[in-house]
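**Q** mind looking at a prediction? Sequence and model below.
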Amino acid sequence: MAATTEEANLPQGDVAVLVDWENLKFSLQERGRRPNVTALRQAAERFGRIVYARAYADWQDPVHAGDPASLYLAGLEPVYVLTKKYSDDSGMTRIKNSADVKLATDCIEASHQFPNIGTYVIVTGDHGFIHVVNTLRPRGKRVIVIGVSWTTAAQLTEQADVVLYYDIDVERVRVEGEPEPPPPSAATKKVSPVFAQTAETAVIHLRSEGAREGLDQRKIAEVLELVLVTVREYRKDRREISVSLLGQELQKRMSQTEFSQHVRGKARVLAQALANHGLIKIIQRDFIDWIYLSEEPEELIRAEIPPQVELPRYDYGGYVYTDLPIEKREAIIFAIHDERNKPGTAWLTFKRLISVVQPIVGRDDEAVKNLLNNMTTIGVVRFDIDRTGRDPETGGSYNFRTFAIDLAHPDVKKALRLQ
């Protein structure tokens, strides 16, 4: 059977897949999800034949028990990376692994050793991998980034050729009642006057920049409507979208032929036309053009992008959740849950968690801190809300994190009789 036009335009060369396993696993775990390697491979196979596939993590960490064997059977070679333990200012034990260094090294080695590999699929949201992307692209390699929408760094998405979000493009969980997306062959609908006028503006700007071919005003109006839909989807979840990322999103949502004809190299002009007609706002920050909805308040637009959240890590050789007998685990779950729901208690800080748990386990502060970090990493305890306090002496403000029991965790459901 002959390939369709869109299929013919997709790269058919060899593909390397490199997965920062801890980044992917812990990012999904924040919202009670687990990685699906089959879905991940299927997404990567859209770009060609997978000939090199690796997953990087500290496989000695008990939180990954059983993962290496499962990954190997699923077609990903587990690669061990070293870790470095340290304590931050709050006393939390954190572990910095060297996955980015090892992954970068393997990318460079593979680009020399296997010239047949033209596409590198890097599964991570860590902004540190921008160096990997910037090294591969000058070598003529196409770089695809797969990350989780709520943790992927904007700096990384700016540099990749294509960005896919695991929770949207790889394994989307459809909300009950959400309508199915229209099929690609849906009939052309009537263009509203506002998009027709905006398309006219876009065509004028494109012609002034030297464009002469492919300026179908009706089609550009349809693309402009798709742009606004895309921006609304992003901003509904308070996700940042830049002009560059907009172009990547349109590439995923359109046929390759239509994208090449109407969007490639034109994303900023299209966005600017929408801004000129008051449908969106474009704000430059950190040398990047960011897109917002026209109705969003200025104080929200001007706010800085929040820093990437790193999950608390723990010393797997120390005092951890699996060291506790079942009755102690349930007692801790009950105690934290009851403390959070006491009358007049609006939140629980990490320090307060220590005071609740310490009498139950009878261990010193460091052991209890390690235990709580472990419980947060595996999902028994979750982050609640980031809050701002005010120092009574200096009057200065400071930020702090609050915690709660995760009612979706199986151990919590069992202990609290929620299932």
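**A** Structure's in. What do you need?

**Q** pull out the buried residues from stretch 104-120.
**A** 104, 106-107, 110-111, 117-120 (16 or more other C-beta atoms under 10 Å). For glycine as for every other residue, the C-beta is placed from the backbone atoms N, C-alpha and C.

**Q** next, format these as CSV and append secondary structure, pLDDT and distance to residue 325.
**A** Output for the buried residues of stretch 104-120, formatted as CSV (DSSP: H, G, I helix; E, B strand; the rest coil; pLDDT from 0 to 100; distance: C-beta to C-beta, whole Å):
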residue, secondary structure, pLDDT, distance to residue 325
104, helix, 86, 43
106, helix, 93, 42
107, helix, 91, 45
110, helix, 93, 47
111, helix, 91, 51
117, strand, 95, 50
118, strand, 94, 54
119, strand, 94, 50
120, strand, 96, 46
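
**Q** of those residues, closest to residue 41?
**A** residue 119 (13.7 Å; C-beta to C-beta).

**Q** the closest one bridge partners, please.
**A** Note on residue 119: beta-bridge partners by DSSP bridges are residue 15, residue 142.

**Q** pretty sure it contacts residue 144?
**A** Yes. Counting by C-beta atoms under 8 Å, residue 144 is a contact partner of residue 119 at 6.4 Å.

**Q** need the overlap of contacts for the two.
**A** residue 47 (C-beta atoms under 8 Å, 6 or more residues apart in numbering).

**Q** if you skip the residues just before and after it, what's nearest to the residue most central in space within the chain?
**A** For the chain, the residue nearest the mean C-alpha position is residue 148 (2.3 Å; C-alpha atoms, centre = their mean). Of all residues not flanking residue 148 in the chain, residue 27 sits nearest, at 4.0 Å (C-beta to C-beta, 6 or more residues apart in numbering).

**Q** now do residue 231 against residue 79, distance only.
**A** 38 Å (C-beta to C-beta, to the nearest Å).

**Q** okay, those two: which has more neighbours?
**A** Counted by other C-beta atoms under 10 Å, residue 231 and residue 79 do not tie: residue 231 has more neighbours, with 22 against 19.

**Q** tell me who's in contact with the more buried one.
**A** 241, 246, 280, 291-293.

**Q** cross those against strands and list the overlap.
**A** 280, 291-293 (DSSP state E).

**Q** quick check: the farthest pair among the residues you listed?
**A** 291 and 293 (8.3 Å).

**Q** now the common contact residues for those two.
**A** Taking C-beta under 8 Å, 6+ apart as the contact rule, residue 291 and residue 293 both touch 231, 280-281.

**Q** of those residues, which is the nearest to residue 402?
**A** Of the shared contacts of residue 291 and residue 293, the one sitting nearest to residue 402 (C-beta to C-beta) turns out to be residue 231, at 31.4 Å.

**Q** if we can go back for a sec, tell me which of the contacts of residue 231 is nearest to residue 47?
**A** Nearest member of the contacts of residue 231 to residue 47, counting by C-beta to C-beta, is residue 246, at 20.7 Å.

**Q** buried sites along stretch 247-257?
**A** Those would be 247-251, 253-254, 256, for stretch 247-257 by 16+ other C-beta under 10 Å.

**Q** got CSV for the residues you listed, with distance to residue 98 and secondary structure too?
**A** Below are these laid out as CSV (distance: C-beta to C-beta, whole Å; DSSP: H, G, I helix; E, B strand; the rest coil):
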residue, distance to residue 98, secondary structure
247, 33, helix
248, 29, helix
249, 32, helix
250, 36, helix
251, 33, helix
253, 37, helix
254, 39, coil
256, 38, helix
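
**Q** closest to residue 235 out of these?
**A** Out of the buried residues of stretch 247-257, the member with the shortest distance to residue 235 (by C-beta to C-beta) is residue 249, at 12.7 Å.

**Q** show residues contacting stretch 194-207.
**A** 191, 215, 217-218, 220-222, 224-225, 266, 269-270, 272-274, 276-277, 279.

**Q** pLDDT value on residue 323, please?
**A** We have a pLDDT of 88 for residue 323.

**Q** quick one: contacts for it?
**A** residue 371 are the contacts of residue 323 under C-beta under 8 Å, 6+ apart.

**Q** next: the one 5 residues further on.
**A** Residue 328 is in contact with 360-361, counting by C-beta under 8 Å, 6+ apart.

**Q** about what we covered before: correct me, but the residue nearest to residue 148 touches residue 149?
**A** No. Assessed by C-beta under 8 Å, residue 27 is found out of contact with residue 149, at 9.3 Å.

**Q** of these two, which one has the most company?
**A** Between residue 27 and residue 149, counting by other C-beta under 10 Å, residue 27 is the more crowded of the two (26 against 17).

**Q** any idea how far residue 152 is from the more buried one?
**A** From residue 27 to residue 152 the distance is 8 Å (C-beta to C-beta).

**Q** just residue 260 next, same as before
**A** For residue 260, the distance to residue 152 - C-beta to C-beta - is 26 Å.

**Q** looking at these two, which is more packed in?
**A** For residue 260 and residue 152, the more surrounded residue by other C-beta under 10 Å is residue 152, and the numbers stand at 27 against 14.

**Q** ramachandran angles for the spatially closest residue to that one that is not a sequence neighbour?
**A** Among residues not flanking residue 152 along the chain, residue 125 sits closest, at 3.6 Å (C-beta to C-beta, 6+ apart). Dihedral pair for residue 125: phi -120, psi 0, per degrees, to the nearest 10.
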